[in-house]
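[1] Structural data only, the sequence is not supplied:
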């Protein structure tokens, strides 16, 4: 069982053991209230107390509450989390309401998700109805932790001082009902909450303008994993994918149809193709459509943007793509999917139209 508590001298040994895990090169501690810089627990607790009150917090900071995560079975400190009571300009853009870390020896065990769930309950008790959480764009573990707790992606910001890109997520506490039981987040979801959990469906838009920066290989692979999870007729999985980053080739691909110009400035263009000799060729393009939609939703979930540019079933366009990429005759080009970090912000409109629904009872 895990418990989230305020730190005291009673946990001196656990706090110091936790600190020692972060003294290794290349290991950083977020949300630690300067623990890494304090030689003694007493020194650190004094800082925690100072930073917890509006009257004593430094002028350029905001008051914050700090908690440690203790595993009761062995009384070990496995995590630390800080809740800022409100946002200043810097926190609103880069830092968010919450910072946290988990001991390197205790990662990939679900501790971060459970600790954040318990901290969100404390945020609710403090009167916060909406919480901003940020993470480095290359920190896949933190991103998954935030999404698991209902985070909805808003934007990616470049923090020049630290030379890093940060993804920003909001968690709506006003609509989220949760019980904390044995360190787990037990949720009872309303329709709005289910919509939020499917946030990429309701957030995805066509992004046609991209920042001049590369997309990480890991993110491209995750997008392709999502594509290959698509269902297909007789499980024929007719797809293959060409990932194009060569600028000259992307320039050529952007000319294959009157609507392909958004590909021109994209750092990556994924070209889904399908096998002609699949089990049920008549359904191959339907299968490919599902795969591309999966790609699009994964792209949005990763803080990227993309647009589906139609190639099939127009024979002239299909042949043009196949010629540019030197695709074997056994494969047919299906679409272009340029993607990258968005250089524009667009909001999806609510498309629900009750008049198009016909119940037969």
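    Looks like it came in fine. Source: prediction; values computed, not measured.

[2] pLDDT averaged over stretch 54-73 - what is it?
    Averaged across stretch 54-73, pLDDT comes to 94.

[3] Endpoints of it, how far apart?
    End-to-end distance of stretch 54-73: 36 Å, with CA to CA, to the nearest Å as the criterion.

[4] ok, and for it, which residues are buried?
    Of the residues in stretch 54-73, 62-71 count as buried by neighbour count, 16 or more other CB atoms under 10 Å. All C-beta spots, glycine's among them, are computed from the backbone N, C-alpha and C.

[5] now, which of those residues sits nearest residue 159?
    residue 62 (17.5 Å; CB to CB).

[6] tell me the secondary structure for that closest one?
    State at residue 62, reduced to three classes by DSSP: H, G, I helix; E, B strand; the rest coil: coil.

[7] for it, what are its contacts?
    Contact analysis of residue 62 by CB atoms under 8 Å, 6 or more residues apart in numbering lists 84-88, 91.

[8] try 6 Å
    Taking CB atoms under 6 Å, 6 or more residues apart in numbering as the criterion, residue 62 is in contact with 84, 86, 88.

[9] Adding neighbour count, write the residues you listed out as CSV.
    As requested, those are exported to CSV (neighbours: other CB atoms under 10 Å):
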residue, neighbour count
84, 23
86, 13
88, 12
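
[10] re earlier: what about the buried residues of stretch 54-73, which are in strands?
    The strands in this structure, assigned by DSSP state E, contain 64-71 from the buried residues of stretch 54-73.

[11] Can you give me the domain boundaries for the chain?
    Under the assignment automatic domain parsing, the domains of the chain span 2-197, 217-340.

[12] Reformat these as TSV; add distance to residue 209.
    Supplementary listing: the domains of the chain in TSV, determined by distance: least, CB to CB, whole Å:
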stretch	distance to residue 209
domain 2-197	14
domain 217-340	7
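
[13] winner for burial among those domains?
    Across the domains of the chain, averaging neighbours per residue (mean count of other CB atoms under 10 Å) puts domain 217-340 on top, at a mean of 18.

[14] returning to what we had before: closest to residue 333 out of the buried residues of stretch 54-73?
    For the buried residues of stretch 54-73, the minimum distance to residue 333 (CB to CB) is 51.1 Å, reached by residue 69.

[15] Beta-bridge partners for the closest one, please?
    Using DSSP bridges, the beta-bridge partners of residue 69 come out as residue 4, residue 79.

[16] wait, it sits on residue 79?
    Yes. With contacts defined as CB atoms under 6 Å, residue 69 counts as touching residue 79 at a distance of 3.6 Å.

[17] for the stretch 51-200 of the chain, what spans make up the strands?
    Counting by DSSP state E, counting those that start in this stretch, the segments of the stretch 51-200 of the chain that form strands are 64-71, 76-84, 98-102, 130-136, 152-159, 164-172, 177-181, 184-188.

[18] how about a markdown table for those, with distance to residue 240 added?
    Output for the strands of the stretch 51-200 of the chain, formatted as a markdown table (distance: least, CB to CB, whole Å):
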| stretch | distance to residue 240 |
| --- | --- |
| strand 64-71 | 45 |
| strand 76-84 | 43 |
| strand 98-102 | 39 |
| strand 130-136 | 32 |
| strand 152-159 | 29 |
| strand 164-172 | 30 |
| strand 177-181 | 43 |
| strand 184-188 | 39 |
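
[19] Give me the next element, helix or strand, following the longest helix seen in the chain.
    The helix spanning the most residues in the chain, taking DSSP state H as the definition, is helix 284-301. Toward the C-terminus, helix 284-301 is succeeded by strand 305-306 as the next helix or strand (DSSP states H and E).

[20] so how far is that following strand off the chain centroid?
    14 Å (CA atoms, centre = their mean, to the nearest Å).

[21] quick one on the thing from earlier: other residues contacting the longest helix of the chain?
    Contacts with helix 284-301, where a contact means CB under 6 Å, 6+ apart, come from 200, 203-204, 223, 226-227, 230, 232-233, 238-239, 272, 274, 278, 306, 308, 312, 334-335, 337, 339.

[22] So which of the residues you listed belong to strands?
    Secondary structure assignment (DSSP E) places 239, 272, 274, 306, 335, 337, 339 from those within strands.

[23] Apart from its chain neighbours, what residue comes closest to the fourth one?
    In this structure, residue 306 finds its nearest non-sequential neighbour in residue 339, 3.6 Å apart by CB to CB, 6 or more residues apart in numbering.

[24] Tabulate the buried residues of stretch 54-73 (JSON lines), appending distance to residue 254.
    What follows is the buried residues of stretch 54-73, written out as JSON lines (distance: CB to CB, whole Å):
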{"residue": "62", "distance to residue 254": "47"}
{"residue": "63", "distance to residue 254": "52"}
{"residue": "64", "distance to residue 254": "49"}
{"residue": "65", "distance to residue 254": "52"}
{"residue": "66", "distance to residue 254": "51"}
{"residue": "67", "distance to residue 254": "52"}
{"residue": "68", "distance to residue 254": "53"}
{"residue": "69", "distance to residue 254": "50"}
{"residue": "70", "distance to residue 254": "56"}
{"residue": "71", "distance to residue 254": "54"}
